[in-house]
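Undergrad: This is a predicted model, with the sequence first.
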Amino acid sequence: MAPSARILLIVSGGIAAYKSLELIRRGRDRGLSFRVILTPGGAEFVTPLSFASISGEKVYQELFSLTDESEMGHIRLSREADLVVVAPASADLLAKMAHGLADDLASTALLATDKPVLVAPAMNVMMWANPATQANIATLRARGIHVVGPGSGDLACGEEGSGRLSEPNDILDAIETLLGRERVLSGLKALVTSGPTHEPIDPVRYIANRSSGKQGHAIAAALAKLGADTLLVSGPTGEADPAGVAVRHVETAAQMLAACEAALPVDVAVCAAAVADWRPAQAGNQKLKKNGMTAQSLELTANPDILATLAQSKKARPRLVIGFAAETEQVIKHAEEKLKKKGCDWILANDVSAGTGTFGGDANTIHLISANGVEDWPTSSKQDVALRLARRIADHLRGAHA
Ligand code: PMT
């Protein structure tokens, strides 16, 4: 196991505070140790005793506590850590961080630290979407603060949408990425495409598909976790930007291709995006009116093939070019044909027929096809598929695999 690293965990107010107990428990299994600062808001949801019991350390709460200051001042607290993690990070604490306020122990320690900081926001969907919160997050990102999540789904407040605290394992993965553990890909550059593309018909309508971006985003996160300098070129998705990954947001296939070509040279390219094969030949400047239109009126033109362009690049072909094949029948046969036609090195074939849940779901079943034949991977979470692929890429680029 990697040597122990010291995390200063700041727990702010919110129902998600209970998940931080699980974060500590699982983190200790991964060789991390935790010191906890519990804000007054956080203490409304989980007691200091719970954190002390699970971390095996004293819990710090007061800025001006004589005992805390004589044992461990806020400066030492923030400096003795390898990484500062705020989970959950409330809208209030994010706002304090963005504005440099220091009126309690948590905000003071954050202002005083010289260590990398990772925040895991958790709040109501409207609070997260509020332009004030978004501006604060943008400010923090621009200052080099790392952000993991939030995820989307049912929220504790009864509403649905973005604002859920990331799962403990995802936060721990982000922590390990930032701590630089298992960095077998460090020094290498990776490019990943993810999500659907939207091809405009007019200002209100577009052609798209069912890709959620979960698989592509997980691959980018896994490559970064192993130390690759990773650029994710993402079509429109509801997925949060993975921590430690540079992200270019695009809408159309043409924009995705341009962003990919601008990223070259890279060592490895993974094309997981579900790029629309066709786009309207002429997108309307105004909303098209139904009268006068027939089913034949929408003229389509073929989009560029990003995977084939990268694989066949004369100037800057990545050492390893990997595509996906999304098939609904004769999965292996069609994927083998794509491998040849596009000229990539590996194809990850997955069945996307109705009922598989591959599009938008959390699991995937992969068949890795290369010059060496077909390898069937067991059904697993998209994160596990991503990690397995990233390790496989590392083996290949470092010479362990043909
Ligand atoms: O996003 P999720 O909901 O998590 O779902 C994951 C996924 C099913 C989208 C993913 O696992 C997957 O299969 N991605 C590829 C989808 C796809 O467009 O497959 P395809 O068989 O049509 O294309 C073959 C390959 O060519 C893919 O690598 C694709 O990225 C690439 N391509 C296709 C067309 C095009 N114009 N440019 C491309 O680069």
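TA: Perfect, thanks for sending it.
Undergrad: Contacts only, for the nearest residue to L172 once chain neighbours are set aside.
TA: Counting by Cβ to Cβ, 6 or more residues apart in numbering, L172 lies nearest to G27, which is 5.6 Å off, once chain neighbours are set aside. Where C-beta positions appear, they are placed from N, C-alpha and C, glycine not excepted. Contact partners of G27, counting by Cβ atoms under 8 Å, 6 or more residues apart in numbering, are I7, F34, P168, L172, I175.
Undergrad: so is S211 in a helix, a strand, or just coil?
TA: Counting by DSSP: H, G, I helix; E, B strand; the rest coil, the backbone at S211 sits in coil.
Undergrad: still on that earlier bit, confirm the residue nearest to L172 sits in a helix?
TA: Yes: counting by three-state DSSP, G27 falls inside a helix.
Undergrad: what about the biggest helix by length in the chain, distance to the chain center?
TA: Assignment by DSSP state H gives helix 382-397 as the longest helix of the chain. For helix 382-397, the separation from the chain centroid amounts to 15 Å (computed by Cα atoms, centre = their mean, to the nearest Å).
Undergrad: Could you give the average pLDDT over it?
TA: The average pLDDT within helix 382-397 is 93.
Undergrad: how about that helix: buried residues?
TA: Under the neighbour-count criterion of 16 or more other Cβ atoms under 10 Å, helix 382-397 has 382-394, 396-397 buried.
Undergrad: any idea which of the residues you listed is closest to the ligand?
TA: Among those, K382 lies closest to the ligand (Cβ to the nearest ligand atom), at 5.9 Å.
Undergrad: right, and that closest one touches S212 too?
TA: No: contact between K382 and S212 fails when scored by Cβ atoms under 8 Å: they sit 9.4 Å apart.
Undergrad: What is the burial count for the closest residue to D202 other than its chain neighbours?
TA: Spatial nearest neighbour of D202, excluding adjacent residues (Cβ to Cβ, 6+ apart): G284 at 3.6 Å. As a burial measure, G284 scores 14 neighbours (other Cβ atoms under 10 Å).
Undergrad: My read is that G284 contacts P203, right?
TA: Yes: under the criterion of Cβ under 8 Å, G284 makes contact with P203 at 7.4 Å.
Undergrad: what comes up buried for stretch 115-130?
TA: P116, V117, L118, V119, A120, P121, A122, M123, N124, V125, M127, W128.
Undergrad: pLDDT (mean, whole number) over it?
TA: 95.
Undergrad: So for it, first residue to last residue, what's the gap.
TA: 29 Å (Cα to Cα, to the nearest Å).
Undergrad: likewise stretch 36-51?
TA: First-to-last residue span, stretch 36-51, Cα to Cα: 7 Å.
Undergrad: And for it, what's in contact with it?
TA: 8-15, 17-18, 20-21, 24, 52, 55, 57, 59-61, 77, 90, 92-93, 104-106, 109.
Undergrad: Show me those residues that map onto helices.
TA: Short answer: the contacts of stretch 36-51 in helices (DSSP H) are S20, L21, I24, A52, S55, L77, D92, L93, L105, A106, A109.
Undergrad: residue contacts, the nearest residue to the second one once chain neighbours are set aside?
TA: Same thing as L21. Excluding its sequence neighbours, the residue lying closest to L21 (Cβ to Cβ, 6+ apart) is I54, at 5.3 Å. For I54, the contact set (Cβ under 8 Å, 6+ apart) comprises L21, I24, R25.
Undergrad: Looking at the last one now. What's its pLDDT?
TA: Translated: R25. R25 is given a pLDDT of 96.
Undergrad: follow-up on the earlier one: any chance of the contacts of I54 in TSV, plus distance to the ligand and neighbour count?
TA: Formatted as TSV, the contacts of I54 follow (distance: Cβ to the nearest ligand atom, whole Å; neighbours: other Cβ atoms under 10 Å):
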residue	distance to the ligand	neighbour count
L21	30	18
I24	30	25
R25	29	13
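Undergrad: tell me the SS of G158?
TA: Once three-state DSSP is applied, G158 turns out coil.
Undergrad: that older thread, measure the residue nearest to L172 to I37 for me?
TA: 16 Å (Cβ to Cβ, to the nearest Å).
Undergrad: L101 now?
TA: 15 Å.
Undergrad: check contacts around the residue nearest the centre of the chain.
TA: Central residue of the chain (Cα atoms, centre = their mean): P242, 2.2 Å from the mean position. Contacts for P242 (Cβ under 8 Å, 6+ apart) come out as V148, A174, H217, A218, A220, A221, A224, L232.
Undergrad: Find the nearest non-adjacent residue to the fourth one, please.
TA: Read it as A218. Per Cβ to Cβ, 6+ apart, closest to A218 is A386, 3.8 Å.
Undergrad: Would you mind naming what in this protein lies close to the ligand?
TA: 193, 211-216, 253, 271-275, 277, 303, 305-307, 323-326, 338, 350, 352, 358-360, 382 (Cβ under 6 Å from any ligand atom).
Undergrad: Go ahead and confirm L111 touches G100.
TA: Yes: L111 is within contact range of G100, at 6.2 Å (criterion: Cβ under 8 Å).
Undergrad: low-scoring stretches of the protein, by residue?
TA: Scanning the chain for pLDDT under 70 picks out the ranges 1-3, 64-72, 292, 295-296, 400-402.
Undergrad: domains of it?
TA: 5-178, 189-397 (automatic domain parsing).
Undergrad: which residues sit against stretch 219-229?
TA: 173-174, 176-177, 180, 182-190, 192, 194, 230, 232, 242-245, 267-268, 270, 272, 383, 385-387, 389-391, 393-394.
Undergrad: returning to what we had before: filter the residues of the chain next to the ligand down to the ones in helices?
TA: Among those, the members falling in helices (DSSP H) are K214, Q215, G216, A253, I306, L307, K338, K382.
Undergrad: Write a PyMOL command that selects only the buried members of those.
TA: Filtering those down to the buried ones (16+ other Cβ under 10 Å) takes a single PyMOL command:
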select buried, resi 214+215+216+253+306+307+338+382
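Undergrad: Farthest-apart pair in the ones in helices among the residues of the chain next to the ligand, please.
TA: For these, the farthest-apart pair by Cβ to Cβ is A253 and K382; their separation is 22.7 Å.
Undergrad: Quick check on A190: phi, psi?
TA: phi -130, psi 150 (degrees, to the nearest 10).
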